[in-house]
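A.B. asks: Output the structure for:
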Amino acid sequence: MERDINEVFDDIALAENRYQKIGFTRGFSLGEETGYKEGYALGLQRGAQIASEIGFYKGFAIAWMIVLEGEETAKQRKINALKSLQEMTESFPHTNIQDDESVSKLLKIRAKFKQVISLLNVETEYVSEMRPTNAQPQQPRPDELSF
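C.D. replies: Residues are numbered from 1 along each chain as shown. Got it, this is the predicted structure:
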């Protein structure tokens, strides 16, 4: 059965719309897949950064508690602050949580760390990347994510 000439002309006239819809659908699905992959990689990277920071704070607290245990003049306030910092790092969630509670906990840990270094009268900070002590800070590359 032959098609009507009007149907043929309609197919030609509407081809642009049809191919635009097909292209949009394909592009959307490819973009969605790419977004999931990039999101996973970003989450993995950010999770490792946070874990490294929490580990630094916990190690700092443990090391200073060992140092202060041997001192007779160690004030109980310093030890309590260090124990509190250690407990906060140990109670930090180890899994991906969808609420903002983990962000507020991280901010509280950072604040407690600042309090502890003030009590101990030491100057230190968490540095997220290792570099030689005499090296100048590098300019961030545009292709790297920074937080």
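A.B. asks: I'd like the next helix or strand past the single longest helix found in the chain.
C.D. replies: What stands out as the longest helix in the chain, according to DSSP state H, is helix 15-69. Tracing the chain past helix 15-69, the next element assigned as helix or strand by DSSP states H and E is helix 76-90.
A.B. asks: what is the rounded mean pLDDT of that following helix?
C.D. replies: Helix 76-90 carries an average pLDDT of 92.
A.B. asks: what number of residues lie near V116?
C.D. replies: Neighbour count for V116, taken as other Cβ atoms under 10 Å: 21. In short, each C-beta sits where N, CA and C put it, glycine included.
A.B. asks: in which helix or strand would I find it?
C.D. replies: Judged by DSSP H and E, V116 forms part of helix 101-120.
A.B. asks: Next, the angle from that helix to helix 15-69.
C.D. replies: 30 degrees (axes from the mean of the first three to the mean of the last three Cα atoms, to 10 degrees).
A.B. asks: got a list of contacts for helix 101-120?
C.D. replies: Helix 101-120 is contacted by residues 50, 53-54, 57, 60-61, 64, 77-78, 81-82, 84-85, 88-89, 91-93, 123-124, 126 when judged by Cβ atoms under 8 Å, 6 or more residues apart in numbering.
A.B. asks: quick one: that helix to helix 76-90, angle?
C.D. replies: Using the same axes, to 10 degrees, helix 101-120 lies at 160 degrees relative to helix 76-90.
A.B. asks: Figure out how far helix 101-120 is from the centre of its chain.
C.D. replies: In this view, helix 101-120 has its centroid 17 Å away from the chain centroid, taken as Cα atoms, centre = their mean, to the nearest Å.
A.B. asks: let's number from 27 now, not from 1
C.D. replies: Shifting the count to begin at 27 puts that one at helix 127-146.
A.B. asks: hey, C-alpha coordinates of it in PDB?
C.D. replies: The C-alpha trace of helix 127-146 is given here as PDB (Å, rounded to 0.1, in the frame of the first residue of the first chain):
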ATOM      1  CA  GLU A 127      24.600  16.200  60.300                       C
ATOM      2  CA  SER A 128      28.000  15.000  59.100                       C
ATOM      3  CA  VAL A 129      28.900  18.500  57.900                       C
ATOM      4  CA  SER A 130      28.000  20.000  61.200                       C
ATOM      5  CA  LYS A 131      30.000  17.300  63.000                       C
ATOM      6  CA  LEU A 132      33.000  18.000  60.900                       C
ATOM      7  CA  LEU A 133      32.700  21.700  61.700                       C
ATOM      8  CA  LYS A 134      32.500  20.900  65.400                       C
ATOM      9  CA  ILE A 135      35.600  18.700  65.200                       C
ATOM     10  CA  ARG A 136      37.500  21.500  63.500                       C
ATOM     11  CA  ALA A 137      36.400  24.000  66.200                       C
ATOM     12  CA  LYS A 138      37.400  21.500  68.900                       C
ATOM     13  CA  PHE A 139      40.800  21.100  67.200                       C
ATOM     14  CA  LYS A 140      41.400  24.800  67.300                       C
ATOM     15  CA  GLN A 141      40.500  24.900  71.000                       C
ATOM     16  CA  VAL A 142      42.900  22.100  71.700                       C
ATOM     17  CA  ILE A 143      45.800  23.700  69.900                       C
ATOM     18  CA  SER A 144      45.100  26.900  71.800                       C
ATOM     19  CA  LEU A 145      45.100  25.100  75.100                       C
ATOM     20  CA  LEU A 146      48.300  23.300  74.200                       C
END
